[in-house]
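Student: Following is a predicted model, sequence given first.
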Amino acid sequence: MSLNLTANAIPAIIGGDVNAKPLVQVLDVALVSNSNNSQQQQQRYRLLLSDAVFSHHAMLATQLNDRVRTGRVQKGSVVQLLDYICTPLKNRKIIVILNMETIMDEFEIIGNPKPYMDSDIPTVRASDSASADSTVENLPRSYNSNNSSAGQNASHNNTQNFRPTIQPPYQPPPLYKGRGPVVKNEAPARIIPIAALNPYQGRWAIKARVTAKGDLRRYNNARGDGKVFSFDLLDSDGGEIRVTCFNAVVDRFYNVIEVGKVYMISKGSLKPAQKNFNHLKNEWEILLESSSMVELCPDEDGSIPRQQFSFRPISDIENVDNNSILDVIGVVTSVNPSVPILRKNGMETQRRILSLKDSSGSSVELTLWGEFCNREGQQLQDMVDAGFFPILAVKTGKVNDFSGKSIGSISTTQLFINPDFPEAHSLREWFELVGKDSASLSISKDIIPGALKNEVRKTVSQIKDEGLGRSDKPDWITVRAAILFIKTDTFCYTACPLMIGDRQCNKKVTRLGNTRWQCDRCNQEFEECDYRYLLQVQILDGTGLAWVTAFQEAGEEIMDYSAKDLYFLKHEEQDDEKFGEIIKSRLFNQFMFRLKIKEELYGDEQKVKITVVKADKVNYSSESRYMLDTISKFCRQ
């Protein structure tokens, strides 16, 4: 395994930096005794420390002697210095270690360090050990890691007088008067920047704003069921890091964490960031545990920014790797209706596709998933339908490279509609002066707004000419076509209304007498049945004709009536005239048909079946922009 020591740690310490808490390696350990060497309290250990480039001598405070005796500090040990001072000694400087933690008991020597030297600071010689011992001896006996101010005072005293002096008995600061000794590691952790976090530190705390919060997800693996969520933090120095919680920790913090609020977080552990899921520019991420602390802080001075963006021009996205995470801002030029999508796990979600363009002369498709479709997605559609084209900033979008480049939302994505950003104001000015009337080149190629991931725009004649549906997997396409004919003899069927688990049976049922229905699958009888569409529709465009089948949801989109209402109108009320008028009113209407094409076996014959998955009314504004973009592509070729 590789291990990196803190760069330039030795020069920094010698230069007076006593707050860095560096990671260094012990090159050598030597026992140095005073004249009264029969008493263990007078024994001192001198260490040779290295930062992989430079080395320098250090003296160990007596309260740390047991670290050497027990083998926790030895040649090759990697340690983190927690409390230390650098004191002058006869025109030399020596490091005095007051508290430290052992990271690794033993490790191969890192780098090829050489003694740190300059014109004023020669290295410590063995003959100076007794004087160095005296300097360390003058530190208060009761000094510990929680009383760093005592160490600072000792350093100041030694600067004024290098000769051993008698120190007065140590008195605790007034804050602790009458409260007994301070328990080790119980003092509040020091707030540090996110950028300074590393897994070799002891106690730490960070103060940061939550910029994104992921959804609560459940999982199942060899260890059993579990749940997890994560959130992203941004501090006043611009450092970002992801925080993850599992199982019982989720119960503690999921409802506590709010996007936009500032929190003090401590007593977490650090682990390497999983770059497949974590886009932040930090090699670590925080894992909260049962002992972790999350405290809400007042946002008094507003020193922590609310969000940090790194926008990419849309034209650049064409060269970005698949699954990359990025920020983008553009003008929303079209928004498609939200459609239901069945995930592989059997759960249903929503998907909505819109188009973004910017001053780079390119446009890209943005796919929204889940609640984004009903919140921001619906708001954007209402604005575009009203003739207003909003600016949309996308924080944390995921790049997809299937048939061109597109962007999709993920759990940590955030959308900002008409934000008060300089980039948004500049984009608005460009769009009003130039962009509104200029065509853009789509980097999403033939991907169609509102279509499934692998759908492309086709004509009716291409279904037959290209042999669609005859492979192992179905083809998904979108065609713009009009309805030429609707079969009315079997436009719907009577269906079982009973639920099997969380789904309706929907099996065809038969009538028993005049009042009851029976389902052979469920083996039950009931008084009321359901009515579901089974429309046979002939569609046409400028290239040809095709027969398609539309089931319940698609049938309702085409007919604009429920199957039950039409069934009662035709079979119960027997109002053929009104029924015929409804059918005629649907003819020659244009729709954007999302089609699933698959070859199936009927008897002994293979036939291509075309099923309507979705039938949307044509948005002529969006369709015009699509046609302009298509024309622009051919003009640039």
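Tutor: It's in.
Student: Let's check: the centremost residue of this protein is which one?
Tutor: residue 412 (4.5 Å; CA atoms, centre = their mean).
Student: doesn't residue 626 fall inside a helix?
Tutor: Yes. Assessed by DSSP: H, G, I helix; E, B strand; the rest coil, residue 626 belongs to a helix.
Student: Next SSE downstream of the lowest-mean-pLDDT helix or strand in the chain?
Tutor: The weakest-scoring helix or strand in the chain, judged by mean pLDDT, DSSP states H and E, is helix 148-160 (a mean of 38). Next helix or strand after helix 148-160 toward the C-terminus (DSSP states H and E): strand 205-213.
Student: And the helix or strand following that next one, what does it pack against?
Tutor: Following strand 205-213 in sequence order, the next helix or strand is strand 217-221 (DSSP H and E). Judged by 3 or more CB pairs under 8 Å, 6 or more residues apart in numbering; DSSP states H and E, strand 217-221 is in contact with strand 224-234. All C-beta spots, glycine's among them, are computed from the backbone N, C-alpha and C.
Student: what are the pairing partners of the strand it packs on, and which direction each?
Tutor: strand 205-213 (antiparallel), strand 217-221 (antiparallel), strand 240-246 (antiparallel) (DSSP bridges).
Student: do you know which of these lies nearest residue 423?
Tutor: For the strands paired with strand 224-234, the distance to residue 423 is smallest for strand 205-213, at 17.3 Å, taking CB to CB.
Student: so how far is that closest one off the chain centroid?
Tutor: In terms of CA atoms, centre = their mean, to the nearest Å, the centre of strand 205-213 is set 14 Å apart from its chain centre.
Student: for stretch 109-116, same thing?
Tutor: Using CA atoms, centre = their mean, the offset of stretch 109-116 from its chain centre is 40 Å.
Student: pretty sure the residue nearest to the centre of the chain is in contact with residue 229, am I right?
Tutor: No. Contact criterion CB atoms under 8 Å: residue 412 and residue 229 do not qualify, at 10.3 Å.
Student: intersection of neighbour lists for the two?
Tutor: 213-214 (CB atoms under 8 Å, 6 or more residues apart in numbering).
Student: could you pull out the helices for the protein?
Tutor: Along the chain, counting by DSSP state H, helices occupy 9-14, 65-69, 129-137, 148-160, 248-253, 314-317, 371-372, 378-385, 422-433, 460-465, 552-559, 563-567, 576-586, 620-636.
Student: Residue 110 - how many residues pack around it?
Tutor: Using other CB atoms under 10 Å, residue 110 is surrounded by 19 other residues.
Student: Now for residue 607: which residues touch it?
Tutor: Residue 607 neighbours (CB under 8 Å, 6+ apart): 599-601.
Student: ChimeraX command to pick out the buried ones of those residues?
Tutor: Paste this into ChimeraX to select the buried members of those, with burial taken from 16 or more other CB atoms under 10 Å:
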select :599
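Student: could you point out where the stretch 401-550 of the chain is predicted with low confidence?
Tutor: 402-403, 445-455, 501-502 (pLDDT under 70).
Student: again, only using 90
Tutor: Within the stretch 401-550 of the chain, the segments meeting pLDDT under 90 span 401-405, 410-414, 420-421, 434-457, 469-477, 489-490, 497-507, 511-517, 520-528, 530.
Student: And the strands in it, which stretches?
Tutor: 406-417, 441-442, 456-457, 475-486, 492-495, 499-500, 503-504, 510-512, 516-519, 524-526, 530-533, 535-540, 545-550 (DSSP state E, counting those that start in this stretch).
Student: what does the second one contact?
Tutor: Applying CB under 8 Å, 6+ apart, the contact partners of strand 441-442 are 355, 361-365, 404, 629, 632-633, 636.
Student: try the first one
Tutor: Judged by CB under 8 Å, 6+ apart, the contacts made with strand 406-417 from elsewhere in the structure are 211-215, 217, 230, 232, 259, 307, 317, 325-326, 328, 356, 364-370, 372, 376, 379-380, 383, 390-400, 444, 447.
Student: Taking strand 217-221 as reference, get the angle to it.
Tutor: 150 degrees (axes from the mean of the first three to the mean of the last three CA atoms, to 10 degrees).
Student: List the buried residues in strand 406-417.
Tutor: For strand 406-417, by 16+ other CB under 10 Å, it's 406-416.
Student: same deal with the fourth one?
Tutor: By neighbour count, with 16+ other CB under 10 Å as the criterion, the buried positions of strand 475-486 are 475-483, 486.
Student: can you tell me which residues contact residue 225?
Tutor: Neighbouring residues of residue 225 by CB under 8 Å, 6+ apart: 218-219.
Student: Residue 474 now?
Tutor: Under the criterion of CB under 8 Å, 6+ apart, the neighbours of residue 474 are 596-598.
Student: Out of the strands paired with strand 224-234, the one nearest residue 582 is which?
Tutor: Among those, strand 217-221 sits nearest to residue 582 (CB to CB), with 45.8 Å.
Student: State the mean pLDDT of that closest one.
Tutor: Averaging pLDDT along strand 217-221 gives 84.
Student: From here on, call the first residue 49.
Tutor: Done: numbering now begins at 49, and the last item shifts to strand 265-269.
Student: which residues sit against it?
Tutor: The contact list for strand 265-269 (CB under 8 Å, 6+ apart) reads 273-277, 459.
Student: any idea which of the residues you listed is closest to residue 565?
Tutor: residue 273 (40.1 Å).
Student: Next one: the closest one from residue 370, what distance?
Tutor: 31 Å (CB to CB, to the nearest Å).
Student: what does residue 551 give?
Tutor: Using CB to CB, we find residue 551 at a distance of 35 Å from residue 370.
Student: Repeat that for residue 378.
Tutor: 20 Å.
Student: The two: which has the busier surroundings?
Tutor: residue 378 (29 against 10).
Student: The more buried one bridge partners, please.
Tutor: Beta-bridge partners of residue 378, as defined by DSSP bridges: residue 440.
Student: Return the per-residue confidence for it.
Tutor: Taking residue 378 on its own, its pLDDT is 95.
Student: wait, isn't it in contact with residue 440?
Tutor: Yes. Counting by CB under 8 Å, residue 378 does reach residue 440; the two are 6.4 Å apart.
Student: any residues in contact with both of those two?
Tutor: Common neighbours of residue 378 and residue 440, using CB under 8 Å, 6+ apart, are residue 404.
Student: List the contacts of residue 256.
Tutor: 242, 281-283, 287, 289, 310-311, 313, 352.
Student: What score does the residue lying closest to residue 581 once chain neighbours are set aside have for pLDDT?
Tutor: Spatial nearest neighbour of residue 581, chain neighbours left out: residue 603 (2.7 Å); criterion: CB to CB, 6 or more residues apart in numbering. According to the prediction, residue 603 has pLDDT 92.
Student: Could you do residue 311 as well?
Tutor: Looking at residue 311, the pLDDT reads 94.
Student: From residue 335, how far off is it?
Tutor: In terms of CB to CB, residue 311 sits 16 Å off from residue 335.
Student: Likewise for residue 131?
Tutor: Counting by CB to CB, the gap from residue 131 to residue 335 is 26 Å.
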